[in-house]
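*Asks:* What follows is a predicted structure for the sequence shown.
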Amino acid sequence: MQRFDVAAITSCELPTGALLRTYVGEGAYTDCFATDVAAGVSFASFVEAFYTSAAFKCERFVLTWVVAKPSSDDDARRLARGETEKFAAWTVEARAPDQVLVCDYLSRTRSWLMVAPIEGGGTRLYFGSAVVPVGIGSGRARLGFPFNALLPFHKLYARVLLGAARGRLVKLTHVRL
């Protein structure tokens, strides 16, 4: 069993060319987390590992029963391979060979995944989010109390999700961490 190493997940700036950058200048909350693995990891493998990890399956379970947005591991694989534009509560907003940006069904949040090669070998895995304020463009945009109250949990949960994907990659591909 892989041990989750929270220190292996770091908060960082969005890389140049990140699809999530669209939301930085619009007053949305954005974040970016990264972790490294010591081998080449394809974008499709990362997306599959992320959405099929035990941590994310908990979210998929909640989405199935609370908002009737079910999904399967096969659905995650199709998203990873670019064969579908919908997955559970999300729709693909933008895609590039090394990244994907998805929008939730309420158009309030975005999730973003990206891979980048590391000079000297290995792969950097990125995960980020955007929360779009209510009233954007009106001059009175706000994220609101619930968001602010849940922000520490969100940051921890983002680290858990990325760490779970990292661990899943080890299990699926036997890559070294």
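*Replies:* Yes, it's here. On a predicted model such as this, the values are computed, not experimentally measured, just so you know.

*Asks:* going forward, measure contacts and count neighbours with C-alpha atoms only.
*Replies:* OK.

*Asks:* Mind listing what's buried along the lowest-mean-pLDDT helix or strand in the chain?
*Replies:* Ranking every helix and strand in the chain by mean pLDDT, DSSP states H and E puts helix 145-173 at the bottom, with a mean of 85. For helix 145-173, the neighbour count (16 or more other CA atoms under 10 Å) marks 155, 158-170 as buried.

*Asks:* can I get the residues you listed in JSON lines with distance to Glu48?
*Replies:* Supplementary listing: those in JSON lines, determined by distance: CA to CA, whole Å:
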{"residue": "Lys155", "distance to Glu48": "21"}
{"residue": "Ala158", "distance to Glu48": "16"}
{"residue": "Arg159", "distance to Glu48": "17"}
{"residue": "Val160", "distance to Glu48": "16"}
{"residue": "Leu161", "distance to Glu48": "12"}
{"residue": "Leu162", "distance to Glu48": "12"}
{"residue": "Gly163", "distance to Glu48": "14"}
{"residue": "Ala164", "distance to Glu48": "12"}
{"residue": "Ala165", "distance to Glu48": "8"}
{"residue": "Arg166", "distance to Glu48": "11"}
{"residue": "Gly167", "distance to Glu48": "12"}
{"residue": "Arg168", "distance to Glu48": "9"}
{"residue": "Leu169", "distance to Glu48": "9"}
{"residue": "Val170", "distance to Glu48": "12"}
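
*Asks:* Off-centre distance for the least confident helix or strand of the chain?
*Replies:* The chain centre lies 8 Å from the centre of helix 145-173; the measure is CA atoms, centre = their mean, to the nearest Å.

*Asks:* which residues does Arg124 form a beta bridge with?
*Replies:* Asp36, Ala116 (DSSP bridges).

*Asks:* Am I right that it is in contact with Val37?
*Replies:* Yes - the pair Arg124 and Val37 qualifies as a contact (CA atoms under 8 Å) at a distance of 6.5 Å.

*Asks:* Looking at those two, which one has more neighbours?
*Replies:* Using other CA atoms under 10 Å as the criterion, Arg124 and Val37 rank with Val37 on top: 21 against 18.
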